[in-house]
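Asker: Let's see this in three dimensions:
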Amino acid sequence: MDNTASSLPDDWPEPVVPVQSLSEAGISALPLQYIKPLQDRPVLPAPSLDVPTVDVAAFLDGGGANEQLKNLQDACSQYGFFQVVNHGVEASTVQRMRGAWRWFFALEMEEKKVCSNSPAAPEGYGSRAGVEKGALLDWGDYYFLNILPSEIKCRNKWPKSPHDLREITEDYGRDLMNLSELLLKAISLSLGLGEDYLHEAFGGGDGISACMRVNYYPKCPQPELTLGISSHSDAGGIAVFLADDRVKGTQVRKGDAWYTVQPIPNAFLVNVGDQIQIISNDKYKSVEHRAVASSDDTRFTVTFFCNPRGNIAISPATKLVSAQSPALYKPIAFDEYRRYSRMRGLKGKSQLEAMKKNNSASSELCKKCL
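Answerer: This next block holds a predicted model:
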């Protein structure tokens, strides 16, 4: 079971207003709670960045696998993200997924609100992350679902419309899980570990966990003042991201600058998450990323997260630890780490930095894991 909810409140600290309802009301100025501090506001337009590409087919047929492992190693150590091509997910599966969820977000607001979530029950329709009272909010709505293990699904949170949404989403989830398992093997090999290392570290036969977040960004009257999703790194293992096929808006940090990702048609963008950074003992870096808003168009994305099982303590791989490269993190159960991240909200990579062995937050959390 996911125990992260046990220490989270049952309700949000303030009434939740779906961003879509504000946008469709035709407001001309952002409410104050959506206006970011000057240093956090996006510079629009931002420069683009050449994103490393990994050909997944090489891991299936063996041809060129060493070259692609080197590409993967460079991408994970220098960028924290890459695009995958020849991934084997049918274009029709992707299009059905997009169509079903665009249908959902086009429903009347009252029908969507039936599926509303809460901090203690995160599955469902929502419009905020984090439970800090008075926190600045992001210009975006979302739908969050647990995919694996099956016993943690909240089955009554599946929308009733469109009627085939659940079937379509589960088909998509199976394909994305297969792709994620292949990527875990490749990342393990690129780190010099056995190909099954990450699979076993994430839970192995007892069940890796997976979840999905569908994001909807309505038109925004002042996109230069806010963000669709604030800067953050993903708390879990890897995230497989399906970009909007019409509107760009994903930005990643490299060094001190932000760049807009230029998606390759029919590719997925893959982010390294915090748990991979911990296991790799900082050889691979989780990428800090965010979403910008637009005054001209709505935007729609889907992210599939492949994560450790909640009760597993994650720590640096023994093979990657030495006198010259001591372990940077104590064992931290993923549920505890995720709970800590949810309480804090989206604040760059500060939650991961707080987990370093010499940090007091890490010591307090890790007492619960041992």
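
Asker: I'd assumed V270 was in contact with A239.
Answerer: Yes. The criterion here is Cβ atoms under 8 Å, and A239 meets it with V270 at 6.9 Å. C-beta: built from backbone N, CA, C; applies to glycine.

Asker: what about the two, which has more around it?
Answerer: V270 (30 against 26; other Cβ atoms under 10 Å).

Asker: residues in contact with the more buried one?
Answerer: Counting by Cβ atoms under 8 Å, 6 or more residues apart in numbering, V270 touches 54, 81-84, 183, 238-241.

Asker: Kindly report the same for R309.
Answerer: Contacts of R309 (Cβ under 8 Å, 6+ apart): 149, 202-203, 206-209, 334.

Asker: For Y340, state which of those is nearest.
Answerer: Looking at these and their distance to Y340, the nearest is F334, at 10.6 Å (Cβ to Cβ).

Asker: beta partners of the closest residue to Y142 other than its chain neighbours?
Answerer: Nearest residue to Y142 in three dimensions, chain neighbours excluded: N215, at 4.9 Å (Cβ to Cβ, 6 or more residues apart in numbering). As for beta bridges, N215 partners with Y142, T301 under DSSP bridges.

Asker: wait, E195 sits on L182?
Answerer: No. E195 is beyond contact range of L182, at 10.0 Å (criterion: Cβ under 8 Å).

Asker: The two: which has the busier surroundings?
Answerer: Ranked by neighbour count (other Cβ under 10 Å), E195 and L182 place L182 first, with 16 against 13.

Asker: What are the boundaries of the helices in this protein?
Answerer: Using DSSP state H, the helices of the chain run over 19-24, 57-61, 65-78, 91-105, 109-113, 165-190, 197-201, 274-279, 334-344, 350-353, 360-367.

Asker: Pick the most deeply packed of those helices.
Answerer: helix 274-279 (a mean of 26; mean count of other Cβ atoms under 10 Å).

Asker: returning to that earlier point: as a markdown table, the helices of the chain with distance to A317 would be great.
Answerer: Conversion of the helices of the chain to a markdown table gives the following (distance: least, Cβ to Cβ, whole Å):
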| stretch | distance to A317 |
| --- | --- |
| helix 19-24 | 41 |
| helix 57-61 | 20 |
| helix 65-78 | 14 |
| helix 91-105 | 33 |
| helix 109-113 | 43 |
| helix 165-190 | 9 |
| helix 197-201 | 7 |
| helix 274-279 | 5 |
| helix 334-344 | 16 |
| helix 350-353 | 17 |
| helix 360-367 | 17 |
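
Asker: burial count for T260?
Answerer: Other residues close to T260 by other Cβ under 10 Å number 17.

Asker: Would you mind measuring from the nearest residue to it once chain neighbours are set aside to R290?
Answerer: In space, and not counting its chain neighbours, T260 is closest to A46: 4.6 Å by Cβ to Cβ, 6+ apart. Using Cβ to Cβ, to the nearest Å, we find A46 at a distance of 10 Å from R290.

Asker: any residues in contact with both of those two?
Answerer: Common neighbours of A46 and R290, using Cβ under 8 Å, 6+ apart, are 251, 258.

Asker: So the two - more neighbours on which side?
Answerer: Shown here are A46 and R290; by other Cβ under 10 Å, R290 has more neighbours (21 against 16).

Asker: For beta bridges, what are the partners of that one?
Answerer: Applying DSSP bridges, one finds that R290 bridges with Q251.

Asker: Any figure for the gap between it and V252?
Answerer: Using Cβ to Cβ, we find R290 at a distance of 8 Å from V252.

Asker: list residues touching both of these two?
Answerer: W258.

Asker: got any ranges where the stretch 51-200 of the chain has weak pLDDT?
Answerer: Applying pLDDT under 70 to the stretch 51-200 of the chain flags residues 151-155.

Asker: Alright, calling it a day.
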